[in-house]
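Q: My questions are about this predicted structure, shown below with the sequence.
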Amino acid sequence: MIANSEQNSSKRHNKCMMSRRDFLLYSGAATAVSMVPLTLFAGTDSETQVEGRIVGYPRKKIAKLSQLSNHIPVHFQYPDEGKNSIAMLVKSDIECGGGIGLQRDIVAYSMTCTHQGGPLTGAYKATGEHRIVGQCPFHLSTFDLRRHGIMVSGQAFESLPQVLLELEGDDIYAVGVMGLIFGRMENLIDVEVS
């Protein structure tokens, strides 16, 4: 009789206990649900309004369309005269992402590598249908100008910042930068020019 009651007791005991698998499943689900913030849903008391920050870049004349030649870079400083502001304008003779002109082949990019700030001046190459800047002398990063300056090889993990351009008659203007210039917290900085 004692053996029979021990068997019944262990059967009842197992019925009221949770298996390890069930415990982990239910506790994981409870943890996940408890981590969903109530502010996730619009209209709650803790919802806050945040104003967007609009950055106004200077509009700077950098070249004349009639004076550009295929694959001859024009260097300029933008958005200011500060550190790492050297940029290159080039007529690539083939359509490029963000390009202007009739063939959409005129683009401009920062000439400072996004990996560790290596100088890319003089590293523009046109081979067949490829238009690249690189290799960076520091760690061999290479960027594709046809695809908005995307990194195609090397150690860089960000695209080359593209200078946004406008064409007004024969004049080419730099009007903004897409991407963060290496070595800066913000693209626009206050610079004292001497």
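A: Right, received. Where do you want to start?
Q: And the helices in the protein?
A: With helices called from DSSP state H, the chain shows them at 2-16, 20-35.
Q: For the last one, the averaged confidence score.
A: Averaged across helix 20-35, the pLDDT comes to 85.
Q: So what touches it?
A: Defining contact as CB atoms under 8 Å, 6 or more residues apart in numbering, one finds that helix 20-35 is touched by M18. The way it works is simple: take the backbone N, C-alpha and C, and place the C-beta from them, glycine included.
Q: does the residue nearest to E166 when sequence neighbours are not counted have beta-bridge partners, and which?
A: The shortest distance from E166 to any residue other than its chain neighbours is 4.6 Å, reached at Y173 (CB to CB, 6 or more residues apart in numbering). Using DSSP bridges, the beta-bridge partners of Y173 come out as K61, E166.
Q: Stretch 58-76: which residues count as buried?
A: Within stretch 58-76, the residues that count as buried by 16 or more other CB atoms under 10 Å are I62, A63, L65, L68, P73, V74, F76.
Q: whoops, stretch 175-192 was the one
A: Across stretch 175-192, burial judged by 16+ other CB under 10 Å covers G176, V177, G179, I181, F182, R184, N187.
Q: do stretch 107-124 as well
A: By neighbour count with 16+ other CB under 10 Å, stretch 107-124 contains the buried residues 107-115, 118, 120, 123-124.
Q: any weak-confidence spans in the chain?
A: 1-16, 37-48, 52-55, 190-194 (pLDDT under 70).
Q: Try it again at 80.
A: Along the chain, segments meeting pLDDT under 80 span 1-18, 34-55, 190-194.
Q: got the domain boundaries for it?
A: For the chain, automatic domain parsing gives the domain ranges 2-40, 60-178.
Q: what's the most buried one of those?
A: Stretch with highest mean neighbour count among the domains of the chain: domain 60-178 (a mean of 18; mean count of other CB atoms under 10 Å).
Q: How far does it stretch from one end to the other?
A: Criterion CA to CA, to the nearest Å; first-to-last residue distance in domain 60-178 is 16 Å.
Q: Export the buried residues of stretch 175-192 as a markdown table, with columns for distance to D93.
A: Formatted as a markdown table, the buried residues of stretch 175-192 follow (distance: CB to CB, whole Å):
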| residue | distance to D93 |
| --- | --- |
| G176 | 24 |
| V177 | 24 |
| G179 | 24 |
| I181 | 27 |
| F182 | 28 |
| R184 | 32 |
| N187 | 29 |
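Q: any idea which of these is closest to G99?
A: Each of the buried residues of stretch 175-192 was scored against G99 by CB to CB, and G176 proved nearest at 15.0 Å.
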